[in-house]
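Asker: how does the following fold in three dimensions:
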Amino acid sequence: MTITKSLTLAIAPLFLVTNVVAEEPNWTSYQIVLNHVKVGIKNGVSLMQVDYQTIKTDGSLGKAYQALSSFNLERLSNRQEKLSFYINAYNILALKKVVDHWPTESIKDSGSFFSPVWDKPAGSLGGETVSLGQVEHKILRPMGEPRIHLAIVCASVSCPDLRGEPYTAAKLNQQLDDQVRQFLNNQGKGLKVEENVIRISKIFDWFEQDFENQGGVRAFIKRYREELPQTKIKANISYDWATNGIE
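Answerer: Coordinates of the predicted model:
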């Protein structure tokens, strides 16, 4: 299967996919990986920290990646299944990118200014090599769900936290809402109320257009933080690219 066909399957409406039995991967191995994610503080920011050394040596990430890369993409038959699959895929591939270069100070260190990590091969999906940028920009963002930006994790301190469970189609809406609430209640990286300004993550600046279908960034945030004052919002919380790992 070519990557073009894979991407088409990722965003195709349900009525275009025929003779398909709905199925999601067995995420058991990925759950074992997530069991090595613990609450911590790094560079003054509260976050879920990853024990990269353990998941590198115990084989759990390798098994999670194998289950991911061997899954038949044609068996994803609806939008919820596709969203949950590719969110998990991004997060597993980002973990793999760090583990492949561990120890490392930042995921960005495996790339360069002229060849950023987001454009480098990260793994295989549906038999084709993909980058993190392809999964994010060519598959997930075109599906029109802005909450993905609070669920995909680029293995850095200021990223949203890795969730302690895989995303699944059955629970996806609840999981994404919870992710947004947790991120917007984290003053170190999500949202901080000051005297005359509400400071929010740069994520809302980088992907501002993706929130337009929710009435814009302010309307989106107010849906989860109704008590916020009517003051200016600036997406300028400093972004820390240090790994979200335990050192």
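Asker: OK, contacts around the residue nearest in space to the middle of the chain?
Answerer: Nearest to the mean C-alpha position of the chain, by CA atoms, centre = their mean, lies residue 152 at 0.6 Å. By CB atoms under 8 Å, 6 or more residues apart in numbering, the contact set of residue 152 is 87, 90, 91, 94, 136, 140, 160. C-beta: built from backbone N, CA, C; applies to glycine.
Asker: and which of the residues you listed is nearest to residue 201?
Answerer: Residue 201 has its nearest neighbour among the contacts of residue 152 in residue 160, at 8.5 Å by CB to CB.
Asker: roughly how far does the closest one sit from residue 152?
Answerer: Applying CB to CB, to the nearest Å, the value for residue 160 to residue 152 is 7 Å.
Asker: can you give me the strands for the chain?
Answerer: Using DSSP state E, the strands of the chain run over 37-42, 45-50, 121-125, 128-131, 191-193, 197-201, 232-237.
Asker: what segments of the protein are helices?
Answerer: Counting by DSSP state H, the chain has helices at residues 3-11, 28-34, 52-57, 60-69, 79-100, 132-133, 172-184, 203-206, 217-224.
Asker: of those, which is nearest residue 118?
Answerer: That would be helix 132-133 among the helices of the chain, by CB to CB, at 4.0 Å.
Asker: check which helices and strands that closest one sits against.
Answerer: Where contact means 3 or more CB pairs under 8 Å, 6 or more residues apart in numbering; DSSP states H and E, helix 132-133 is packed against helix 79-100.
Asker: remind me which residues of the chain are low pLDDT?
Answerer: Per-residue confidence for the chain (pLDDT under 70) gives these ranges: 1-22.
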